[in-house]
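Here is the input, now give the coordinates:
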Amino acid sequence: MDWKTLQGLLSGVNKYSTAFGRIWLSVVFVFRVLVYVVAAERVWGDEQKEFDCNHRQPGCTNVCFDHYFPISHTRLWALQLIFVTCPSLLVIMHVAYREDRERKNRLKNGENCPKLYSDTGKKHGGLWWTYVLTLFFKLAIEIVFLYLLHRIWESFDMPKLVKCDLKPCPNVVDCYIARPTEKKIFTYFMVGASAFCIVLIVCEIVYLICKRVFRSIQKCQKKKRSLTYSKASTCQCHARLDQPHYGKGKHTQVEALRASAPNLTLI
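A predicted model of the protein is given here:
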């Protein structure tokens, strides 16, 4: 598999990711893909040839190996890495869709027309939902594959000796796994890296949701302030209209006094 091609496709996700997303992508490619390509494939290699049983009954070794290794660790990890990284491509596709809409809008209405999006890569509206859904997909995939690994190999263990009594084995057969300690170390390392990625995904989900809630609260507060200000200004205008004009009232009283007493002298 060409992991460099996948890395080149996912490198564009860094433009639209949060800090947690960038750390997650670095962990995936440095501590998982790189370790898988450089070391894990060589550690396992062709483990079926190195799976040795103390009985030479034809078919007994193959049946015991298939029972204990229903799927290879390396192939399971490869599937996990593919399924975990592919949801990030949805973000790139959504941004490309926005850019295409923006381009068609300029062609239709001219270069000086209002933009449909202030920033096509900004996580607002539908792009925010797409980004959050991809995080939930990643989280579900990581948990499912960890559960499968735990279920198939019983707590990620790699024993040195395996006892098998399946047909066509005539009795209980002892089978030995090559380099069990080394394989156990790599298994724990890959499981630990996957668990760390789960923590990063959860942190990113919490960060995005809290940020969205905080922005919604700020918008509500701004609306309340604007409504309060508009009501206060309206009340002040009504109060000014209802107040009597003191200068005009005084002038009217003086005229009334002069009319009633023409010989009165006002000081």
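
Distance from whatever helix or strand residue 202 lives in to the middle of the chain?
Taking DSSP states H and E as the definition, residue 202 sits inside helix 180-242. Relative to its chain's centre, helix 180-242 lies at 14 Å (CA atoms, centre = their mean, to the nearest Å).

who does it touch, helix- and strand-wise?
Packing partners of helix 180-242 (3 or more CB pairs under 8 Å, 6 or more residues apart in numbering; DSSP states H and E): helix 19-27, helix 34-35, helix 41-44, helix 73-85, helix 126-153. (Each C-beta comes from the backbone N, C-alpha and C, glycine too.)

Nearest to residue 187, out of those?
helix 73-85 (6.6 Å; CB to CB).

Counting by contacts, list what the following helix or strand past the closest one packs against.
As assigned by DSSP H and E, the chain's next helix or strand after helix 73-85 is helix 88-109. Contact partners of helix 88-109 among helices and strands, from 3+ CB pairs under 8 Å, 6+ apart: helix 3-10, helix 126-153.

Looking at the ones you listed, spot the one closest to residue 216.
Among the helices and strands packed on helix 88-109, helix 126-153 comes nearest to residue 216, with 12.0 Å by CB to CB.

With mean pLDDT added, can I get the helices and strands packed on helix 180-242 in TSV?
Shown next, in TSV, are those (pLDDT from 0 to 100):
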stretch	mean pLDDT
helix 19-27	87
helix 34-35	84
helix 41-44	73
helix 73-85	87
helix 126-153	89
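
and of those, who's closest to residue 91?
Proximity to residue 91, assessed across the helices and strands packed on helix 180-242 by CB to CB, is greatest for helix 126-153 (5.6 Å).

Could you check how many residues crowd around the closest residue to residue 176 other than its chain neighbours?
Excluding the flanking residues, the one nearest residue 176 by CB to CB, 6 or more residues apart in numbering is residue 52, at 4.9 Å. For residue 52, the neighbour count with other CB atoms under 10 Å is 11.

Low-confidence bits of the stretch 51-200 of the chain, can you list those?
118-121 (pLDDT under 70).

now with 90?
Under the criterion of pLDDT under 90, the regions of the stretch 51-200 of the chain flagged as low confidence span 51-79, 81-82, 85-131, 148-190.

circling back: so which of the helices and strands packed on helix 180-242 gets nearest residue 188?
Judging the helices and strands packed on helix 180-242 by CB to CB, what sits closest to residue 188 is helix 126-153, at 10.9 Å.

Can you list the buried residues in the closest one?
127, 130-132, 134-135, 137-139, 141-142, 145-146, 149, 153 (16 or more other CB atoms under 10 Å).

can you check stretch 64-81 too?
64-65, 69, 73-74, 76-78, 80-81.

my read is residue 70 is in a strand, agree?
No. If the criterion is DSSP: H, G, I helix; E, B strand; the rest coil, then residue 70 is coil and not within a strand.

related to what we said a few turns ago, need the helices and strands packed on helix 88-109 in CSV (columns: distance to residue 200).
Output for the helices and strands packed on helix 88-109, formatted as CSV (distance: least, CB to CB, whole Å):
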stretch, distance to residue 200
helix 3-10, 15
helix 126-153, 10
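
Can you say which of these is nearest to residue 42?
Closest to residue 42 of the helices and strands packed on helix 88-109 is helix 3-10 (CB to CB; 15.2 Å).

quick check: mean pLDDT across that closest one?
The pLDDT scores in helix 3-10 average 62.

Contacts made by stretch 36-47 with the rest, please.
3, 69, 72-74, 77-78, 81, 177-179, 182-183, 186, 190 (CB atoms under 8 Å, 6 or more residues apart in numbering).

Show the contacting residues for the spatially most central residue of the chain.
Among the residues of the chain, the one closest to the centroid is residue 135, at 3.2 Å (CA atoms, centre = their mean). With contact set as CB under 8 Å, 6+ apart, residue 135 has these partners: 201, 204-205, 208.
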